[in-house]
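Colleague: Pasted the sequence and its predicted model underneath.
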Amino acid sequence: METRSAKRRKVWFSENYEGDIETLCNNTTDRISDLPDPILHHILFLLPIKSIAQTSVLSKRWRSLWSSFPDLDFTSINTISTSPLNLINSSKRSSMDFISQVLSLRDKHSDLRTLRFRARLSFSGLNGLIRCAIRHKVQELDVEVATEDYFNFPRGVIKSESLRVFKLKSRYPGFRLLPSSVMAGGFRSLHTLSLSLVILYDQSSLSDLFTESSFPRLKKLNLDACFGLKTLKISCRALEDLTLENCFQLNGLDISCAKLEKLRITSCFDAYYDKSWVKINAPYLRIVVWEYNAITGTSSLQNLTSLHEASVGFFLLHEDISTEKLRSVCDLLCGLSHAQTLTLESQCIEILSNTNNLSHLVVHPFNNLKILELHTGFNKNNIPGLATLFRSSPALDTLILKIINDYKIERRGYVGYGYVQGRAILGISNPNFEAISKPP
């Protein structure tokens, strides 16, 4: 006679798998259920969250596995409306009810390793979920949330001793940080922090928050779309990876991190502010990505002696650039002079060509440079900038020229190639042309 647990197993496998269900379910030896909890948890992690929940009906053994499952990823069942005016509909309510129910039914002695969810909900609902996760000693908390109004940074996260990774991505309208006196007292165990869409108007909480005293163990930091942020100082001793993007109102950036290895700054700085500045001191920095940023008034890059790879591009509002900003670009490139691989966008070539007429602006030699990639167009005005780079790269082994279309030039499918010490790389702007990689 077939038992209830065997029947439930048969029903569940028939809904989720194909094959010989009778043979699988009637097997007298349940070898899968005999596996240790950590192995079964690892296997279940490969399934969607709803399929994992369905395993709880198989037997008491599987019910225990579900109630103690350490990695809860609800992103497969949650969607966020792109419109900020839409209210929470019934399907979203049911999804949030499911998350709340799962957390409330968990074994009190089972800790959470990971909790991920995406939802449109109220601030109180968000705080409730986060508080519940903190009670279960969550180690990684990844949240993407949309609310009807601004909300404050969740207090429960600040004092958590178990949290290692915290990612908070807000949709419109964003969230505010708490006062510096509250924020600075926590985050003692945090290794990774990612914040997106932070509203900082009329407050300077973030400008001096990222210090050794506030984040003693922080290794990875990602700040995206920090509106109202004017100045930012980062001096976390353990920091290894820093990304800053879409901070359009930034005027000043000071980075002093002894262990920083990777830096990415994209779409930052106020293009209408002439006195903006950047200071970077990172002796172990290996990778720098500086893309689509406005030119700062001054640039100071120090001790980048371990630099291996750098990529530089600027966002220009107009063709006329002040002498101070031309000097700032030269200073930035001088700070990157230890790089072995360098990529320069077309704006850099144009700027270097403008500095050719200013004898007091000199580009420091790239004595370690082996690979140089240039994005440029067929414009005779760029020749001085190209010549400056070639003269400054005595050890260059590989040159990559990517010819880009210029709106002033008729599209004729030009082909460009670089040929340095036996190596040639082609860059073709017209996709209808075939690349010929044979050097001349």
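Modeller: That came in fine, so what should we check first?

Colleague: Please, where are all the helices along this protein?
Modeller: Secondary structure of the chain (DSSP state H): helices at 4-16, 21-25, 37-44, 49-54, 60-67, 90-104, 123-135, 155-158, 180-183, 323-335, 346-355, 383-391.

Colleague: Worst mean pLDDT among these?
Modeller: Averaging pLDDT over each of the helices of the chain singles out helix 21-25 as the lowest, with a mean of 51.

Colleague: where are the low-confidence patches of the protein?
Modeller: 1-30, 78-95, 107, 203-205, 318-320, 355-362, 378, 405-440 (pLDDT under 70).

Colleague: if we go to 50?
Modeller: In the predicted model of the chain, residues 82-92, 408-440 satisfy pLDDT under 50.

Colleague: quick one: the residue nearest to the spatial centre of it and Thr376, what's the gap?
Modeller: Per Cα atoms, centre = their mean, the C-alpha nearest to the average position across the chain is that of Asn222, at 5.6 Å. Computed as Cβ to Cβ, to the nearest Å, the Asn222 to Thr376 distance reads 31 Å. Glycine gets a C-beta too; all of them are placed from N, C-alpha and C.

Colleague: can you check Gly186 too?
Modeller: From Gly186 to Thr376 the distance is 49 Å (Cβ to Cβ).

Colleague: When the two are compared, which one has more neighbours?
Modeller: Neighbours were counted for Gly186 and for Thr376 using other Cβ atoms under 10 Å; Thr376 has more, 24 against 19.

Colleague: wouldn't that one be in contact with Leu389 here?
Modeller: No - the criterion here is Cβ atoms under 8 Å, and Thr376 misses it with Leu389 at 10.1 Å.

Colleague: Need the overlap of contacts for the two.
Modeller: Common contacts of Thr376 and Leu389 (Cβ atoms under 8 Å, 6 or more residues apart in numbering): Ile349.

Colleague: Enumerate every residue touching the residue nearest to the centre of the chain.
Modeller: 167, 193-196, 242-243.

Colleague: try it again with 10 Å
Modeller: 167, 169, 192-196, 241-245, 264 (Cβ atoms under 10 Å, 6 or more residues apart in numbering).

Colleague: And for Leu195?
Modeller: 153, 166-170, 175, 177, 206, 221-226.

Colleague: of all the residues you listed, which comes closest to Val138?
Modeller: Nearest to Val138 among the contacts of Leu195, counting by Cβ to Cβ, is Phe166 at 9.3 Å.

Colleague: Give the full set of residues in contact with that closest one.
Modeller: 130, 138-143, 154, 157-158, 160, 187, 190-195.

Colleague: give me the beta-bridge partners of it?
Modeller: Leu141, Leu193 (DSSP bridges).

Colleague: mind checking how far it is from Leu229?
Modeller: For Phe166 relative to Leu229 (Cβ to Cβ), the value is 19 Å.

Colleague: same deal with Ile265?
Modeller: Using Cβ to Cβ, Ile265 is found at 13 Å from Leu229.

Colleague: Mutual contacts of these two, please.
Modeller: Here Ile265 and Leu229 have 244, 247, 250, 253 as joint contacts, going by Cβ under 10 Å, 6+ apart.

Colleague: Could you export those residues as TSV, including distance to Phe117?
Modeller: As requested, the shared contacts of Ile265 and Leu229 are exported to TSV (distance: Cβ to Cβ, whole Å):
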residue	distance to Phe117
Leu244	26
Cys247	27
Leu250	31
Leu253	33
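
Colleague: more crowded one of Ile265 and Leu229?
Modeller: Ranked by neighbour count (other Cβ under 10 Å), Ile265 and Leu229 place Leu229 first, with 26 against 22.

Colleague: who's in contact with the more buried one?
Modeller: By Cβ under 10 Å, 6+ apart, the neighbours of Leu229 are 198-201, 203-207, 223, 244, 247-253, 268.

Colleague: go on, Leu285?
Modeller: Leu285 touches 240, 242, 255, 257, 259-263, 301, 303-308, 310, 336, 338, counting by Cβ under 10 Å, 6+ apart.

Colleague: what bridges to the closest residue to Leu223 other than its chain neighbours?
Modeller: In space, and not counting its chain neighbours, Leu223 is closest to Leu244: 5.2 Å by Cβ to Cβ, 6 or more residues apart in numbering. Using DSSP bridges, the bridge partners assigned to Leu244 are Leu223, Ile265.

Colleague: Touching, Leu244 and Arg264? I think so.
Modeller: Yes - judged on Cβ atoms under 10 Å, Leu244 makes contact with Arg264 at a distance of 7.3 Å.

Colleague: between the two, who's got more neighbours?
Modeller: Leu244 (23 against 16).

Colleague: which ones are touching the more buried one?
Modeller: Counting by Cβ under 10 Å, 6+ apart, the residues that Leu244 touches are 221-224, 226, 229, 232, 234, 250, 253, 255, 263-268, 293.

Colleague: Can you tell me how far Ser337 is from Cys247?
Modeller: Ser337 is 26 Å from Cys247, by Cβ to Cβ.

Colleague: More neighbours: which of the two?
Modeller: The neighbour comparison of Ser337 against Cys247 (other Cβ under 10 Å) goes to Cys247, with 26 against 20.

Colleague: For Leu304, grab phi and psi.
Modeller: Main-chain dihedrals, Leu304, degrees, to the nearest 10: phi -90, psi 50.

Colleague: quick revisit: gap between the residue nearest to the centre of the chain and Leu193?
Modeller: Distance of Asn222 to Leu193, computed by Cβ to Cβ: 7 Å.

Colleague: now swap in Asn382 and tell me
Modeller: Asn382 is 41 Å from Leu193, by Cβ to Cβ.

Colleague: do the same with Ser33
Modeller: 39 Å.

Colleague: Counting neighbours around each, name which of those two comes out higher.
Modeller: More neighbours surround Leu193 than the other of Ser33 and Leu193, with 21 against 13 (other Cβ under 10 Å).

Colleague: The more buried one contacts Leu218, correct?
Modeller: Yes - taking Cβ under 10 Å as the definition, Leu193 is a contact partner of Leu218 at 6.2 Å.
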